[in-house]
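[1] sequence-free structure coming up:
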């Protein structure tokens, strides 16, 4: 993050071309590694969904390798168009990963050894995907800064004073709408603690995590509360988002606390498995 701030604080066309030349060299390597990892994986893991992912990355690799090195304004702009296409195409990767993972679990079944292999593969894949996504999004945002004018408080996609309170509040409002639509009601929420803390970060990444955590929390709260809805004084308890920070704000911790019944100790080993879900099975129409 420090390097991104230093590099993009005052972007100009020279900055963009240097960034574009770096991506021109770096992204094909990353795409090739992702495609090759699925290609070299054992045959049992090669579901149709995983094959599609491998083909997507191979197409992105070939697309970039067919371009000229972006040494001019025109070629940098052309690269941005290609990167935007790749960003949209690779946006389908997460649903395909989920589909492939659950196909392996539900239709084929996995031995403990196979599940460990799948877990390690997905860990590597998703960690690398985050890095590639950051590089791509940052360059596209810097391009907009140079062409359209820099956004106040941002360095590319990086917000200099990112507020976890604001991000979690926005995420909670989105989840309230989802929860009401799917379950007919939703719990309230409160964001408290060190609500004035800010730090340089990518708000989109925190928002994504916040939505996923709060979806689980809101759903569990609603489902667990059904046990008490006959009580005369019953009301759905609030979900709490608690922000904590060290004295110098070097460390920030965000905790989501609910009354959703908790996780049975017997289920704790499964919590971090990609194949595990506490949600009920959905129909094809719901999916």
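    That came through fine. Source: prediction; values computed, not measured. Residues are numbered from 1 along each chain as shown.
[2] Could you list the low-pLDDT ranges of this protein?
    278-287 (pLDDT under 70).
[3] Just want the most central residue of it.
    residue 208 (5.2 Å; Cα atoms, centre = their mean).
[4] May I ask which helix or strand encompasses that one?
    Applying DSSP states H and E as the criterion places residue 208 in helix 203-225.
[5] Contacts for the next helix or strand after that helix next, please.
    Counting by DSSP H and E, the element after helix 203-225 in chain order, helix or strand, is strand 239-245. The contact list for strand 239-245 (Cβ atoms under 8 Å, 6 or more residues apart in numbering) reads 164-165, 168, 172, 187-195, 197, 214, 217-218, 221, 251-258. Every C-beta, even on glycine, is put in place using the N, C-alpha and C of the backbone.
[6] Just the ones in strands from those residues, please.
    Under the assignment DSSP state E, those contribute 189-193, 252-257 to strands.
[7] Among these, name the buried ones.
    189, 191, 193, 252, 254, 256 (16 or more other Cβ atoms under 10 Å).
[8] what bridges to the first one?
    By that I understand residue 189. According to DSSP bridges, the residues that bridge with residue 189 are residue 239.
[9] quick one: contacts for it?
    172, 176, 214, 238-241.
[10] Hmm, residue 103 is touching residue 46, no?
    No. Under the criterion of Cβ atoms under 8 Å, residue 103 is not in contact with residue 46, lying 10.9 Å apart.
[11] Need the residues that contact the strand or helix carrying residue 6.
    Element membership for residue 6 (DSSP H and E) is helix 2-8. For helix 2-8, the external contacting residues (Cβ under 8 Å, 6+ apart) are 15, 19, 138, 142, 145, 155-156, 158, 160, 200.
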